[in-house]
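> everything below, folded, please.
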Amino acid sequence: MAVNTFSPSDVKVTMTSAAIEHVRQQIEVNQAKGMHLGVKESGCTGYMYQIEFVKEIDLEHQEFVMADDVIVYVDKPSLLQVQGTEIDYVTDGLNSSIRFNNPNIKAQCGCGESFSI
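A predicted model of the protein is given here:
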């Protein structure tokens, strides 16, 4: 049996330029210090992303600097699930949304709201 090791310092989260611009605007509108990204158990497949724009920084969260004025904070319990994730912002017709390109996903529900790892 192989044992996988995990170190929070090895986690990588990236963001496209479109996502950086969108998050930058949201940080300004919400007068926030950054964006918190978390994962919680939910949905029909297992997990769901949670994002919020935070005014207070939790020192327990891992910080990912995307640009001088765009910081993503990930809580420690979510680090393993978001390892390698690229955050994107896409427009499809009249709809725009944040998308998570997560290489760890094994299955996703039909509506795309929840996933399993």
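
> from here on, just use CA atoms for contacts and neighbour counts.
Will do.

> shaky segments in this protein?
Using pLDDT under 70 as the threshold, the predicted model of the chain has low-confidence ranges 1-9, 43-45, 106-116.

> now with 50, please.
In the predicted model of the chain, no residue satisfies pLDDT under 50.

> nearest to the spatial middle of it, which residue is it?
Centre of the chain computed as the mean C-alpha position; nearest residue by CA atoms, centre = their mean is residue 37, 4.3 Å away.

> give me the beta-bridge partners of that one?
residue 51, residue 74 (DSSP bridges).

> list the contacts for it?
Contact partners of residue 37, counting by CA atoms under 8 Å, 6 or more residues apart in numbering, are 49, 50, 51, 52, 72, 73, 74, 75.

> count the residues that sit near the second one.
By the criterion of other CA atoms under 10 Å, residue 50 has 10 neighbours.

> any idea how far the residue nearest to it when sequence neighbours are not counted is from residue 93?
Once flanking residues are discounted, residue 50 sits nearest to residue 38: 5.0 Å by CA to CA, 6 or more residues apart in numbering. When distances are taken as CA to CA, to the nearest Å, residue 38 and residue 93 turn out to be 28 Å apart.

> tell me which of these two has more neighbours.
Applying other CA under 10 Å to residue 38 and residue 93 shows that residue 38 carries more neighbours, namely 20 against 6.

> distance of that one from residue 25?
For residue 38, the distance to residue 25 under the criterion CA to CA works out to 20 Å.

> same question for residue 70.
When distances are taken as CA to CA, residue 70 and residue 25 turn out to be 10 Å apart.

> which one's more surrounded, these two?
When neighbours are counted by other CA under 10 Å, residue 70 and residue 25 differ, and residue 70 comes out ahead with 22 against 13.

> hmm, residue 22 and that one touching each other?
No. Judged on CA atoms under 8 Å, residue 70 makes no contact with residue 22 at a distance of 9.9 Å.

> and residue 85, what is it in contact with?
Under the criterion of CA under 8 Å, 6+ apart, the contact partners of residue 85 comprise 12, 13, 14, 100, 101, 102, 103.
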